[in-house]
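Engineer: Below are the sequence and a predicted model for it; my questions follow.
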Amino acid sequence: MAHFQIRNLSFTYPTAKGKESLRNVELTIERGEYVVLCGKSGSGKTTLLRHLKPMLTPYGQRWGEVLFNGVPLQSLSRRDQAAKIGYVMQDPDDQIVTDKVWHELAFGLESLGCEQKTMRARVAEMACYFGIQDWFHRDVANLSGGQKQLLNLASIMAMQPEVLILDEPTSQLDPIAASDFLNTVRKINIELGTTVIITEHRLEDIFPYADRAIVMDGGAVVADDTPRNIGKLLHQQQSEMFAAMPASVRAFYGAGGEGECPLTVREGRNWLSAAFPTAPQHSEMIAPALPEVKAPALSLRELWFRYEKDAPDVLRGVSADVPQGSIYAIVGGNGAGKSTTLKAVCGICRPYRGKVKVFGKNVEKYKSGELFGGCLAMLPQDPKSLFVKKTVREELQEMSRDGEKIAAVARLCEIEPLLDSHPYDLSGGEQQRSALAKVLLTEPKLLLLDEPTKGIDSFFKEKLADILCKLKAQGVTVVMVSHDVEFCARYADAVSMFFDGQILTTDTPRRFFGGNSFYTTAAARMSRHVFSMAVTAEDVVELYRKNRGEAQ
Amino acid sequence: MNDAFSKCHPLVNFLFFVGAIVCGAILQHPAYVAVGTVCGAVYYVLLRRSKAVKPMALMLLLALVMTAVNPVFNTRGEHVLFHLLGRPYTQEALVYGAALSGVLLTMLLWLGCYNAVLTGDKFTALFGSILPAISLLLVMVLRMVPNLMRKTRQIVGARRCVGKGTMEDAPTGEKLRGGVTVLSAMTSWALEGSIVTADSMRSRGYGATRRSSFMIYRMTGTDALVLTVMVLLLAVVITAVCLGQAAVAFLPHLTAAPVSWGVCAYGAYLLLPAVLHGKEALQWRISRSGI
């Protein structure tokens, strides 16, 4: 018997004016399967997932039915649905209810009215399985984002669910924490046989291990097959979703590969080894050295900073020169001080030593209002911290009275259809672009972005990249701090590595990522034994085609 | 801090301090006050070590001043020591002042110990089993406050970076408007978050059945033993007090009941934490020398 059976399910939100959020969805999910659900933002993934958990099912008009273990899901008691169907949401922080790690682990069991003895055993078991025992007594507030999300997962697993549903669980995490989290989910699936249904933007880490991938578009299931076949199918359909595929898949089909498509870096390497048994003629992408910076837009000299008197230094002599009219990326580990550097530029943090110069002038010397009015602006990590009004239009009007300017920025950021929506009703990518529009209305010459790709899908990432390129063409200097190496490799002009409180190296993306062997893109890891300086799937495709074109 | 009594079940801790503080506040018999002060001081020093010196010096100073000042306002009593500004300064009033400041000193010391032993999480753990709903509410509120402050800081920072921060030299009206904007933005953000929290609670079965409460602290054999001894000793003290062993009148002349077994029981009760502490320290010393 199938674990979940979705029969001809359609759904309309009451406010959607008849537009269906789910259209005739017909799906069967077997016991113990690992299913990944993909699709653009707003394609109905979350709505579908929420229909698998009665407590979270949205209000609206519904047709069709969902069977769980052969019985209608609605007939499940509240207790059973809480215990048997686990649901992990996106935001690591807001999901947590209590203040202590041990209490959070026990929360679900307390709700089910478990006995003291059972609770003790289950909590202990979970803490060990998830490696939580070292921070068992800690305050929740002192955990990192990755730890918080792991705690959310563990506190759900403590109830021993049969199914685990995860709605973009890693979108707020850095790549290392994200892949740790996804590995744990995989471990649960393999070792405990728990059915896993997950939606994710970062398919690179999931695709190779999933049993099945389901692609949704406009509320309907458009493809349902093994990940390998899905890659092929999306390429044949020239779907927008193809951009979200792992680098190996994109490189393989981009190069016109035939047969089994590689899903992992290892398979990608084997594919390239087989294609080029001897060293290829064209093995290097052109990678000019970084030009010397004259008249930098932003120059940092020996910044030292710590948050409290007795705390360790976060910035330990940060120096950098950002050329005018370029996209400059700072990459590096979590908590290394990248965001703090941006805050130091904006004067939110005051370095106790060192100088920050914006367009050759010391930031301290700018008059109040002069610096943030047309010179410097920052897009914060969480776009929600910029929203103060009821509609996006009002948000923009707060920044400028000039209707034409607003219209131009809205066009640039492609948020014209969203102007009358409440900022909180938008998806992550839409919020990001609305916040960016708001920031751009200050007409900055130097734009700082803190993790601009966090929580947005590959489709929105490309839109964001378009906007950044247009800004660059207008002469705006962009400095971004990011974990997203693929994004930086593709669009940045210069990349700096932040480590141990300072900027250690700076180079062009190709030289930077081409020279690294661990901290680099999947495409570079896949191709470095045959090509050098090929850091994106497009680079790999270009070299592949160049060599093949001359060989034939 | 490595204290044996602190590692006991919160219920044991809580009941002990209730007993110690209530007795300390009620009993004014000089012998009882002296025992209370000394025992309180011993445990306070054991708990706080070198950090105990400064606050204890302050408390002692306060007690001395109170003792000396009492006869200035209270002139009753038979034995006049001397005259101050034409008013008699009596021995009985001085003793009464000493007893009162001893009571205060005892309570301050025990409250200091209480703070060190019964931390916030022990308190919520203790009352969580009696009032699960209220204790959960308390925990959530405690978590919410720092969250809101963090969000407010983020909003203020973000607005500053787009030129919407209020300058320090801005007029009051503008500052006020800026503050209201930040407050309303913070509220909507927090409400948005609380929807997620509510979903997360419901999806983990909140309200499905009667809640139970996970006790991270377990009642062990030692706890039960300590609790029994405590209750027995306290019963003896109460009996003694009922029999009039702690009766005392300071004015117009000092009449106190003779010192009897009640004081011994009181002292034994109050020394319990210190004894547990000393026993463990001794055990360690012995076991270490055995290695």
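Structural biologist: Ah, there it is.
Engineer: Okay, domains of the chain per the record?
Structural biologist: No chain in the question, so chain A it is. A:4-237, A:246-289+A:521-552, A:298-375+A:444-507 (automatic domain parsing).
Engineer: hm, I was asking about chain B
Structural biologist: Listed domain ranges for chain B are B:5-124+B:218-290, B:148-203 (source: automatic domain parsing).
Engineer: Among the ones you listed, which comes closest to chain A?
Structural biologist: domain B:148-203 (3.4 Å; CB to the nearest CB). For every residue, glycine as well, the C-beta is placed using N, CA and C.
Engineer: Now do the SS call for the residue in chain A positioned nearest to chain B.
Structural biologist: Minimum separation of chain A from chain B (CB to the nearest CB) falls at A:A82, amounting to 2.9 Å. Of the three states, A:A82 takes helix according to DSSP: H, G, I helix; E, B strand; the rest coil.
Engineer: which SSE is the closest residue to it other than its chain neighbours in?
Structural biologist: Distances taken as CB to CB, 6 or more residues apart in numbering or on different chains place B:G205 nearest to A:A82, at 2.9 Å, with adjacent residues excluded. B:G205 belongs to no helix or strand when assigned by DSSP states H and E.
Engineer: For chain A, what's the nearest residue on chain B?
Structural biologist: For chain B, CB to the nearest CB, closest residue to chain A: B:G205, 2.9 Å.
Engineer: and the gap between that residue and B:T239?
Structural biologist: 49 Å (CB to CB, to the nearest Å).
Engineer: ok, the two, which is more surrounded?
Structural biologist: B:G205 (24 against 13; other CB atoms under 10 Å in any protein chain shown).
Engineer: Could I get the contacting residues of that one?
Structural biologist: Residues near B:G205 by CB atoms under 8 Å, 6 or more residues apart in numbering or on different chains: A:78-79, A:82-83, A:108, A:111-112, A:159.
Engineer: 10 Å instead, please
Structural biologist: Contacts of B:G205 were listed using CB atoms under 10 Å, 6 or more residues apart in numbering or on different chains, and they are A:55, A:78-83, A:107-113, A:159, B:211.
Engineer: got it, and B:A246?
Structural biologist: Listed by CB under 10 Å, 6+ apart, the contact set of B:A246 reads B:23, B:26-29, B:31-33, B:237, B:240, B:256-257, B:260, B:262-263, B:266.
Engineer: How about the backbone phi and psi for it?
Structural biologist: Here is the backbone geometry of B:A246 (degrees, to the nearest 10): phi -110, psi 10.
Engineer: I'd like to know how far A:N69 sits from A:S421.
Structural biologist: For A:N69, the distance to A:S421 - CB to CB - is 39 Å.
Engineer: Now do the nearest residue to B:A249 once chain neighbours are set aside against B:G244, distance only.
Structural biologist: Distance criterion CB to CB, 6+ apart; nearest residue to B:A249, sequence neighbours excluded, is B:T255 at 4.8 Å. According to CB to CB, B:T255 and B:G244 sit 12 Å apart.
Engineer: so where's the stretch 251-400 of chain A uncertain?
Structural biologist: By pLDDT under 70, the low-scoring segments of the stretch 251-400 of chain A are A:368.
Engineer: one more time with 50, if that's ok
Structural biologist: Nowhere does the stretch 251-400 of chain A drop to pLDDT under 50.
Engineer: Alright, that wraps it up for me.
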